[in-house]
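Chemist: Just the structure for this:
(3 chains)
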Amino acid sequence: MSSKTNSGNFFEDFRLGQEIVHATPRTITEGDTALYTALYGSRFAVPSSDMFAMSLGYQGAPVDDLLVFHMVFGKTVPDISLNAVANLGYAAGRFAGAVYPGDTLRSVSRVIGLKENSNGKTGVVYVHSTGLNQRDEPVLDYVRWVMVNKGDVSAAPPETVIPDLDPYVGEKELLVPDGLDLTGYDTTLAGSDLLWGDYEAGDRIDHLDGMTIEEADHMMATRLYQNTAKVHFNQHSQGAGRFGRRIVYGGHVISLARALSFNGLANAFRVAAINGGTHVAPTFAGDTIYAWTEVLGKTALPDRRDLGALRLRTVATKNQDCAAFPDRDSDGKPDPSVVLELDYAVLIPRITDKDPLR
Amino acid sequence: MSSKTNSGNFFEDFRLGQEIVHATPRTITEGDTALYTALYGSRFAVPSSDMFAMSLGYQGAPVDDLLVFHMVFGKTVPDISLNAVANLGYAAGRFAGAVYPGDTLRSVSRVIGLKENSNGKTGVVYVHSTGLNQRDEPVLDYVRWVMVNKGDVSAAPPETVIPDLDPYVGEKELLVPDGLDLTGYDTTLAGSDLLWGDYEAGDRIDHLDGMTIEEADHMMATRLYQNTAKVHFNQHSQGAGRFGRRIVYGGHVISLARALSFNGLANAFRVAAINGGTHVAPTFAGDTIYAWTEVLGKTALPDRRDLGALRLRTVATKNQDCAAFPDRDSDGKPDPSVVLELDYAVLIPRITDKDPLR
Amino acid sequence: MSSKTNSGNFFEDFRLGQEIVHATPRTITEGDTALYTALYGSRFAVPSSDMFAMSLGYQGAPVDDLLVFHMVFGKTVPDISLNAVANLGYAAGRFAGAVYPGDTLRSVSRVIGLKENSNGKTGVVYVHSTGLNQRDEPVLDYVRWVMVNKGDVSAAPPETVIPDLDPYVGEKELLVPDGLDLTGYDTTLAGSDLLWGDYEAGDRIDHLDGMTIEEADHMMATRLYQNTAKVHFNQHSQGAGRFGRRIVYGGHVISLARALSFNGLANAFRVAAINGGTHVAPTFAGDTIYAWTEVLGKTALPDRRDLGALRLRTVATKNQDCAAFPDRDSDGKPDPSVVLELDYAVLIPRITDKDPLR
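Modeler: Okay, the predicted model is just below:
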C-alpha cells in the first residue's frame, strides 16, 4: 500500500549524472505576486508597478526574482531533499530572462556530485537545478548541495565526485533581461538617489528595520511555493524533534532580508546571481529578523552605461539589531545572532537622465 | 433598530419547497486561487498549471474543485446555518463544468426536508444548494442538512419530510468537463505513474504528511469564502462557549485532507462528486491534520477509455499519524483522533500515450 | 554608512508648502483584492462581483475603496510618519473615480500646517495627500495630521499654521464614479432590501458580529499596503516599548469595522468620503473587534434619483459587543472598549427597478 506514496529519495537512490524532472508545473499569477508582497512587504519599484517596469523596457511588472527562486526550488524538494538532514549550500545561481505573471515554470535537476560521509549513514548530494518557462527557456539555474540520509546503511558508497564550483558568478554571466534601458529610471519614485557610483567595496549598510515571523506567515509562504519539506509544517512531529519546533524555510529568511535591504539598496532592482548562501542557524516563529549588507565589489557590465552590478553579502540576524554589524569573529565563528549569510549580485542603475553628471 | 441586521433564520422560518437566493455573488480570480495554494499547499498539476491543463483540453488552469465548493457553500451560511447547532452531513454533491478565474458564482438553495427534534428546541433542515456561474450554468449542486435552533420554541412543528437520498452519486452523474481528453496526460509532471488501473477497491493509502493549522490560516480561508459562521472568528464570544475556542471551518479540514492526499493520489485530478461527509469531531488551531484513504470502488465511465472514476473514503485525523489507519471500531465508534470522514469520487487518467499497454 | 538608509523625517525637516513625491508606485491586482477579502471577509457585492458591478455601470468589480485608501496611505508613511508619536486625525477624505485591478497608484503629499508643541520635543504636521492613477487622475485625497518627534530639539520652531478644515465633506464633493446608474441594483443578490429611504438620522445599528485579530493578519495586511511603520512589525523592539506589543495598524481596524458593517448597511456600496477619524485606543493581536454605526445625516445628491448619501459614524470596540452602543459619556470621555470613531459618507441606492414606489 505504502508503495503508492512518495517517501523521497535516500542517498543511495541518487546516481551521478541522473536527470530528474520535477513534478507540478506552476503558472505564476498576480495572486502569487500579491501574496509575496503581503508576506515580505517588499517595496522595490520594478516588481511593484507595471508602469515603472514598462518605463525601463519590461513588458509589465516582472515577478520578484526571489519568488521565481522559491517556485523553482520548491519543486525540487520532494525529489531531492525530503530526507535531507541539512541544506548545506547554494552556488552558481544565475537569473536569466524576466518572468511575468502568466508564465508557467517547471524544474529539472541533474546530479553533479556525490560524497558519502565517513559515518556511513549520510551523504552529500550536489544537484544542478534549472527552472524553465513554457517556452523551455531557462529562467534560473543554480547548484545546491544537501546532506541526505541513507535509507539502507549497508548500501555501497558511490564514487566520490565533488563538483568544481566558482566562488561567484562572473560578470559575463550576469544577465540583463532583453530590452532593458535604465536611462529613464525615476529615482524619486524608486525611493532613493543612490546609484551604482555611490557604492564602494567595503561599504556596510545597516538596514535598520526588523520583522517578526509568525507560524502562519512562513507556512503560508512555503505552501505557496509548493515546498513539501516536513520540518516546516508539522508541529505534532516536530514537537518531538530536535528543536521541538517547526523550522522556518531558509528561503523565507532570504526574502525577508532582501525586503529589509530596500532601506539602503532601494535601486538594486534585480537580483542577477546567487554566488553562495548559508543558513547559519535555524529560525523559528517569533524570531525577529534584521539584516545588514556589505558591498563586496562592483562591476561595470560590458556595453552598458545605464546599469552596473554590485556584489553584496547580506547577513541576517535574529533578535539582534544590526547597528554593530554582527558577523563572524576572527576565528570564523559566527555571532550567535546570525542566521543567514548570502553572497549575491544585483543590478543597479548607473547613469540616468536625472543624473547631473550625465 | 436591530431589524436592520440579519440574525439568521431559525428553524420555524424555513418552509418546505422554499427557494432562497443567497447574497454576494463572487468573481473568482487568480488571487483566490493563489490564496488557495498558500492555505493548503495543494500540488495537483491541473489547477496549478495553465499549460498542463490546456494539454488536456481545459481552457487554462481551472479553479480547484474544493475552492468552488467553499465559495458556493459560504454564500449559503447567512441564510441557512447562522443559527445552526451542528452541520450534520452532505450528500449528492455533483461537480459540473470547469470553473475558471473570471467566472462569477452565486448560490441558490431549496428547502427539501424539515424535521423538528423531539426536544422541541431544534430541528433539522435539509437544503439542496446549487452554485451557478454568470451564464446560469450549474457548476456544483449538493444536499446538506443542519440542526438549527428554534427562535420561538412555541412555534408549531412542520410536517416531517426527510428527503430520500442516494448513498452515492451514480456513474452517469459523474460529469467530465466538456472537451477533455486525458490521453496526453504527463505522469512525470503530475508526480506519479499510478493510473486508474493501479487502484483496487480495498486499497488503503496513508498520505504520510501532516499539517498544523494556525488561527490566521483558517480564519483567512473562511473569510476568503465569505462564510460568516460566527464560531470561526470570534474568540471573545467563543472563549465563553462550549469549547472555549474558535472552531475551524469543516471545509478547511476537507481541503487539507485533499491536499495531503496528493501523496498517493497525485493523478486524481478532479473531484467529481461528494457522496457524503461527516465532521466527526471539531478541529482547533494548533491541531495537526493527517489523512488516509480507502478505495471504496472503481468505475469505468461510459464511452471513456482515457479516464475512470474512483470512489474514495478519506479519513482525516488530528494529532495522530495514519500509519495504523485510525477508523471506526467494530461498534462503529470512531477512533478519538478522527475529525473527518469524506466519501467522494475522483476522476483519474486510465490510459495515456505513455502507457505501455496502450 | 548609515547615510544610505532612510531614518525618516523629523519635525524640523518639514516646511510649509513642501511637496513630497512618495516612493514605490503600485499596480493593484486581483491578487490584492483577493487578499483584502481574505483579511476582512467583506461581503459588499460591488467589489465582489464583476457581473454585479457591471450591472451598475462599472467596468468590472472596482477595488474596495478602503484598499485604495490603505495603498495610498501606506506610501506616505516612510516620508511622513516614520518618526510619528501618534496619528492624530484624518479629514477631508474624498474618493474620486473607481480604481480597477491593473491601475497603478502613486501618492504625493503637501505640507499644509505645522505646529510645534509646547514641550519643544515634538510637533504636529498636517499633510494633504493625494493618490493618483497611471493617467494622473486623482483617485483619493485626504488630510492627515500626525505628531512627529523633533530630531534636534534645539531646532527653531516654525511659524504655526493650522489649516482650516471643514467638519465634513460637502454634498457637492461626494463624487459618484462616471457612468453609474443604480436603478438596476439587485437587492436580493446584495443581501438587503434597505435603501436610502429606510435610514434616518439618529438610527443606531449594532453590527452584531465580532472578529478576532491575529498577528499574522494585521502584519500581512500592513505589508500588503507597503506601510513601513515600525510599531506594527517588530516584536523584538516593541517588546521593550510602551505596550510591550506590536500595535495593529489603525487602518486595519477601519477595514474590519467596514466589513462588519455589512450586517445592517449591506447596500452602502461605496465609501465616498472620510470626514474624520480617530484611533481612540491601540488595538493588539488577540483583540476581538465589534462595531456599531449611528446615522448622522442623509443627503440627496444633485440630479440623482438612483442613489443618495448617508453620513455615518461607526464606532469600533474591542472585546465588548455593541448591543449597548458603547460611546463617549456626557463628559466626552470614551468608553474604555472604544478603539475607533470614524465619520464618513457612503453612497446607497435610493430608487431601484424593484422599488414598489417607483
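Chemist: A:Leu56 contacts A:Leu189, correct?
Modeler: No - using Cβ atoms under 8 Å, A:Leu56 makes no contact with A:Leu189, being 11.5 Å away. Using the backbone N, CA and C atoms, a C-beta is placed for each residue, glycine as well.
Chemist: All the strands of the stretch 251-358 of chain A, residue numbers only.
Modeler: Ranges of strands within the stretch 251-358 of chain A are A:270-279, A:288-300, A:307-318, A:338-349, based on DSSP state E, counting those that start in this stretch.
Chemist: still on that earlier bit, neighbour count winner among A:Leu56 and A:Leu189?
Modeler: Taking other Cβ atoms under 10 Å in any protein chain shown, A:Leu56 and A:Leu189 do not tie; A:Leu56 has more neighbours (22 against 19).
Chemist: Now for the residue in the stretch 51-200 of chain A positioned nearest to chain C: which residues touch it?
Modeler: Closest to chain C within the stretch 51-200 of chain A is A:Gly191: 3.1 Å, counting by Cβ to the nearest Cβ. Shown in contact with A:Gly191 (Cβ atoms under 8 Å, 6 or more residues apart in numbering or on different chains): A:Arg43, A:Ala45, A:Phe262, A:Ala266, C:Asn6, C:Ala23, C:Thr24, C:Pro78.
Chemist: So for chain B, which of the strands of the stretch 251-358 of chain A sits nearest?
Modeler: The closest of these to chain B is strand A:288-300. By Cβ to the nearest Cβ, the value is 17.7 Å.
Chemist: Partner strands of the closest one and their direction?
Modeler: When pairing is defined by DSSP bridges, strand A:288-300 lines up against strand A:204-206 (antiparallel), strand A:211-212 (antiparallel), strand A:307-318 (antiparallel).
Chemist: Residues contacting the helix or strand that the shortest one is followed by, please?
Modeler: Scanning forward in sequence from strand A:211-212, with DSSP states H and E defining helices and strands, the next element found is helix A:215-224. Here helix A:215-224 makes contact (Cβ under 8 Å, 6+ apart) with A:32, A:35-36, A:39, A:70, A:74, A:229, A:232-233, A:246, A:248-249, A:252, A:255, A:285, B:34, B:37-41, B:212, B:214-217, B:220, C:214, C:216, C:219-220.
Chemist: So which bits of helix A:215-224 are buried?
Modeler: By 16 or more other Cβ atoms under 10 Å in any protein chain shown, the buried positions in helix A:215-224 come out as A:Glu215, A:Ala216, A:Asp217, A:His218, A:Met219, A:Met220, A:Ala221, A:Thr222, A:Arg223, A:Leu224.
Chemist: With pLDDT added, can I get the residues you listed in a markdown table?
Modeler: Formatted as a markdown table, these follow (pLDDT from 0 to 100):
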| residue | pLDDT |
| --- | --- |
| A:Glu215 | 98 |
| A:Ala216 | 98 |
| A:Asp217 | 97 |
| A:His218 | 98 |
| A:Met219 | 98 |
| A:Met220 | 98 |
| A:Ala221 | 98 |
| A:Thr222 | 98 |
| A:Arg223 | 98 |
| A:Leu224 | 98 |
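Chemist: Which one of those residues is nearest to chain C?
Modeler: Chain C has its nearest neighbour among the buried residues of helix A:215-224 in A:Ala216, at 3.7 Å by Cβ to the nearest Cβ.
Chemist: so who does the residue of the stretch 251-358 of chain A found nearest chain C touch?
Modeler: For the stretch 251-358 of chain A, the residue closest to chain C is A:Thr288, as judged by Cβ to the nearest Cβ, at 3.5 Å. By Cβ under 8 Å, 6+ apart, the contact list for A:Thr288 reads A:Gly210, A:Met211, A:Thr212, A:Ile213, A:Lys318, A:Asn319, C:Asn234, C:Gln235, C:His236, C:Ser237.
Chemist: out of everything not next to it in sequence, what's closest to it?
Modeler: C:His236 (3.5 Å; Cβ to Cβ, 6 or more residues apart in numbering or on different chains).
Chemist: Neighbours of the one you found, how many?
Modeler: Considering only other Cβ under 10 Å, C:His236 is surrounded by 19 other residues.
Chemist: just to revisit the earlier point, now mean neighbour count and mean pLDDT too, for the strands paired with strand A:288-300, in JSON lines please.
Modeler: Formatted as JSON lines, the strands paired with strand A:288-300 follow (neighbours: other Cβ atoms under 10 Å in any protein chain shown; pLDDT from 0 to 100):
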{"stretch": "strand A:204-206", "mean neighbour count": "21", "mean pLDDT": "97"}
{"stretch": "strand A:211-212", "mean neighbour count": "24", "mean pLDDT": "98"}
{"stretch": "strand A:307-318", "mean neighbour count": "24", "mean pLDDT": "98"}
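Chemist: Of all those strands, which one is nearest A:Lys150?
Modeler: Comparing the strands paired with strand A:288-300 against A:Lys150 with Cβ to Cβ, the closest turns out to be strand A:307-318 (32.1 Å).
Chemist: Give me the angle between that closest one and strand A:270-279.
Modeler: Going by axes from the mean of the first three to the mean of the last three Cα atoms, to 10 degrees, strand A:307-318 is angled at 30 degrees with respect to strand A:270-279.
Chemist: Please look at A:Phe69 and A:Gly277 and confirm they touch.
Modeler: No - with contact defined as Cβ under 8 Å, A:Phe69 does not reach A:Gly277; the gap is 10.4 Å.
Chemist: Mutual contacts of the two, please.
Modeler: When contacts are counted by Cβ under 8 Å, 6+ apart, A:Phe69 and A:Gly277 are jointly contacted by A:Ile254.
Chemist: Please identify the nearest residue in space to A:Leu224, excluding sequence neighbours.
Modeler: B:Ala38 (4.1 Å).
Chemist: For the one you found, pull up the helix or strand it's in.
Modeler: Here B:Ala38, judged by DSSP H and E, is contained in helix B:30-40.
Chemist: Helix C:30-40 and that helix, what's the angle between them?
Modeler: Using the same axes, to 10 degrees: helix B:30-40 against helix C:30-40 is 50 degrees.
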